[in-house]
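In: Take a look and give me a structure for this.
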Amino acid sequence: MKRKVLASIIVILFLATVAFQVADVDLHMLQSPGAVVENYSESDYGLGSSYVDSLKTYPDLKKGERQPFELWEYAGRGKSSFGSPELPMPFEDWLAFHKEQKPQLMKDVDEYMASRFDFNGKAIEGQFMSGGRKPVMAGPIARLPESIGSFEALAELSPEEIKSRDLFPYKPLAHPLQSIAHMVFPDSWNQEHPEHQRIDVDHDFPDEYLPEFPPPMFLTNHKELGDVTRGREVTISNYYEIFDGLLTAEQMEGLKELLKPTPTTWFNHTTHRITAEPSAGVSCFSCHVNGHTNGAFELAPDARPNLARLRVDTPPMRGNFNLMQFSSKRSIRSMDHFAEVEEYFDGDPGMQQAIGPRSQKREVTNRMGDFNSILDFPPAPKLGPLGRLLPEKASDIELLGEQIFFGKGKCVQCHNGPAFVDDYMHDLQVERFYKGRPEGPIKTFPLRGIKDSPPYLHDGRLPTLADAVEFFNLVLELELANEEKQALEAYLLCL
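Out: Numbering: from 1, shown residues only. Here you go, the predicted structure:
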């Protein structure tokens, strides 16, 4: 009997093996090589073949090595989409390498930024951010080439002439050390959180041109309280004291998770880090401090090689309840989804396995999204319930600015509704004005509370609101007069 059973098992195993092999053969037969276009020729996508051919090939760099600042001049692919948790040298040598490289690197960064911007520290008289402490900086401060006398003269030229004469003052900004990249915190943050002081690079903007720190926090469900923090930075240590009795238990848990540090690609407990000592990592509120922003910048996680990634400033979380699109290029469609995939690991799941994943369950990210959804915009006392200026509160120049915003300036085409945003991605085709790699579509950012969030555009290349006005006057070829540009800036300060 046992022999019969054993024989039956052998027969079954044999038949299963044959069936698997047949299935495998069939499966292999289905994996055809795919069609190939004969005599295929590369497209220039309307840019012109000479233009595409003129772009440089990215340099082959190891982690920590310097790159050219003009990364918009480069294009191509990298060796791999996957990163490694290994440093190119022992950690002691890594520390010594950056101790030697950083002083000259930052000297060069400061000289480069000074060649592009006049950080003169001049403020707009009587204008302060919503906390009432920090002045709003005056502009424009982008430096024009010596061969062009003014922004007005520049605006009279065609995009082709501006490009051919290399006159465009608002070219992209790269990460100062893009071979490593990751979060760069402003000095004001590092003074309070020295565990985030990097050994390799510092922030490249003066503090005057960054958001106030700590910023106020406004809640949709407690508008009567104004700044619920009373001038404090919300931390994992004090959030319970500040918010107990104001939030639901679910919102409290969501806030706690937004404040809880987790290991990241370069801020962690391993030797794959850019801090002298190990750390618990960073939290959502390390960059989005008090649900706003401290001006830290990173790289967008949506491309490879690393040198092709776009520099991105930290946007505010204020008013996210009215937004339907998150992340600069990936078009994520909900706050809980964004909390789930927030790219602490630069879009590389393999790094999570080496350094430690955040391990957020869906129910937890939902609660993070729930707290995110009650962060309000700052007060705008000159705006009525439909988002238009109240004539009895606004000045003549502000009212003129509103007319331009909704008319000649074409701003309303992308910035409309209660958040002054259309929830679309737009390609401004800025490469029409300089020789460089196209950056493609990027999400529109809301303009409510915009005076609190310098610098502007996704990479911060527009340090002031006046620079933003000059940029769009050029890129959209609006032909605004000087008075109209000043009026538009005055209107933006009301939002």
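In: Do a quick rundown of the strands in the stretch 1-150 of the chain.
Out: Along the stretch 1-150 of the chain, the stretches classed as strands by DSSP state E, counting those that start in this stretch are 56-57, 74-75, 123-128, 135-137.
In: Tell me which of those sits nearest to Thr270.
Out: Across those, Thr270 has its closest neighbour in strand 74-75 (30.3 Å, C-beta to C-beta). The way it works is simple: take the backbone N, C-alpha and C, and place the C-beta from them, glycine included.
In: Once you drop chain neighbours, what's closest to Phe91?
Out: Thr271 (4.0 Å; C-beta to C-beta, 6 or more residues apart in numbering).
In: wait, Asp452
Out: Met129 (4.8 Å).
In: Distance of the one you found relative to Arg330?
Out: Distance of Met129 to Arg330, computed by C-beta to C-beta, to the nearest Å: 29 Å.
In: Compare these two and say which is more crowded by neighbours.
Out: Using other C-beta atoms under 10 Å as the criterion, Met129 and Arg330 rank with Met129 on top: 20 against 17.
In: ok, that one - contacts?
Out: Contact analysis of Met129 by C-beta atoms under 8 Å, 6 or more residues apart in numbering lists Pro135, Val136, Pro211, Glu212, Pro215, Lys451, Asp452.
In: Now do the last one: how many residues are near it, please.
Out: Translated: Asp452. Asp452 has 22 nearby residues by other C-beta under 10 Å.
In: Any idea which residue is closest to the centre of the chain?
Out: Val312 (2.8 Å; C-alpha atoms, centre = their mean).
In: Setting the sequence-adjacent residues aside, check what's closest to that one.
Out: Ala300 (4.8 Å).
In: Would you format the contacts of Met129 as TSV with distance to Pro159 and secondary structure included?
Out: Shown next, in TSV, are the contacts of Met129 (distance: C-beta to C-beta, whole Å; DSSP: H, G, I helix; E, B strand; the rest coil):
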residue	distance to Pro159	secondary structure
Pro135	34	strand
Val136	30	strand
Pro211	32	coil
Glu212	36	coil
Pro215	37	coil
Lys451	29	helix
Asp452	32	helix
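In: now Ala380, what's its secondary structure?
Out: coil (DSSP: H, G, I helix; E, B strand; the rest coil).
In: Pretty sure it sits against Tyr491.
Out: No - counting by C-beta atoms under 8 Å, Ala380 sits too far from Tyr491 to count as a contact (11.3 Å).
In: Please, where are all the helices along the stretch 251-400 of the chain?
Out: Remark: helices assigned in the stretch 251-400 of the chain by DSSP state H, counting those that start in this stretch are 284-287, 335-341, 349-355, 362-372, 396-406.
In: Confidence-wise, which of these is weakest overall?
Out: In terms of average pLDDT, helix 335-341 trails the rest of the helices of the stretch 251-400 of the chain, at a mean of 66.
In: hang on, Ala75 packs against Asp53?
Out: No - counting by C-beta under 8 Å, Ala75 stays clear of Asp53, with 10.2 Å between them.
In: Neighbour count for those two, which is higher?
Out: Comparing Ala75 with Asp53 by other C-beta under 10 Å, the one with more neighbours is Ala75, at 17 against 9.
In: Chain neighbours aside, what residue packs nearest to the more buried one?
Out: Leu55 (4.1 Å).
In: Could you check how many residues crowd around the one you found?
Out: Neighbour number of Leu55 under other C-beta under 10 Å is 16.
In: same check, this time on Ser373
Out: 19.
In: Just list the residues touching Arg66, thanks.
Out: Gln101, Leu105, Leu177, Ser179 are the contacts of Arg66 under C-beta under 8 Å, 6+ apart.
In: So which of the residues you listed is the closest to Val475?
Out: For these, the nearest to Val475 is Leu177 (28.5 Å; C-beta to C-beta).
In: Identify the residue spatially nearest to the closest one, adjacent ones excluded.
Out: Val201 (4.3 Å).
In: that older thread, can you tell me which of the contacts of Arg66 has the most neighbours?
Out: Neighbour max across those (other C-beta under 10 Å) = Leu177, 25 neighbours.
In: secondary structure class for Leu488?
Out: Assignment for Leu488 (three-state DSSP): helix.
In: before we move on, back to that, tell me which of the strands of the stretch 1-150 of the chain is the most buried.
Out: strand 135-137 (a mean of 21; mean count of other C-beta atoms under 10 Å).
In: could you dump the next helix-or-strand element following that strand to CSV, C-alpha only?
Out: Following strand 135-137 in sequence order, the next helix or strand is helix 151-155 (DSSP states H and E). Output of helix 151-155 as CSV, limited to C-alpha atoms (Å, rounded to 0.1, in the frame of the first residue of the first chain):
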residue,chain,number,x,y,z
PHE,A,151,14.3,95.0,-17.0
GLU,A,152,12.2,97.2,-19.3
ALA,A,153,14.9,97.1,-22.0
LEU,A,154,15.2,93.3,-21.6
ALA,A,155,11.4,92.9,-22.0
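In: List the buried residues of whichever helix or strand comes after helix 151-155.
Out: Downstream of helix 151-155, the next assigned helix or strand under DSSP H and E is helix 159-164. Residues of helix 159-164 classed as buried by neighbour count (16 or more other C-beta atoms under 10 Å): Pro159, Ile162, Lys163.
In: quick check, nearest of the residues you listed to Leu247?
Out: Nearest to Leu247 among those, with distances taken as C-beta to C-beta, is Pro159, at 50.3 Å.
In: pLDDT weak spots in this structure?
Out: 1-29, 43-52, 331, 333-345, 357-359 (pLDDT under 70).
In: domain assignment for it?
Out: Annotated domains of the chain cover 49-103+174-377, 117-170+386-495 [automatic domain parsing].
In: need the strands for the stretch 151-300 of the chain, in chain order.
Out: Counting by DSSP E, counting those that start in this stretch, the strands of the stretch 151-300 of the chain are 297-299.
In: and what of the stretch 301-450 of the chain?
Out: Under DSSP E, counting those that start in this stretch, the stretch 301-450 of the chain gives strands at 311-313, 425-426, 442-443.
In: can you list the ones you listed in TSV and add distance to Glu402?
Out: Converted to TSV, these look like this (distance: least, C-beta to C-beta, whole Å):
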stretch	distance to Glu402
strand 311-313	26
strand 425-426	22
strand 442-443	24
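In: closest to Leu30 out of those strands?
Out: So among the strands of the stretch 301-450 of the chain, strand 425-426 is nearest, using C-beta to C-beta, at 36.8 Å.
In: rewinding a little: so how far is Val136 from the residue nearest to Asp452?
Out: 6 Å.
In: between these two, what contacts are shared?
Out: Lys451.
In: show me what contacts the residue nearest to Val312?
Out: Arg309, Leu310, Arg311, Val312, Ser327, Ser328, Lys329, His458.
In: I figured the third one hits Ala296, correct?
Out: Right, Arg311. No - using C-beta under 8 Å, Arg311 is not in contact with Ala296, being 11.4 Å away.
In: which of the contacts of Arg66 lies closest to Glu233?
Out: Leu177 (26.8 Å).
In: just checking, the closest one touches His203?
Out: No - using C-beta under 8 Å, Leu177 is not in contact with His203, being 11.7 Å away.
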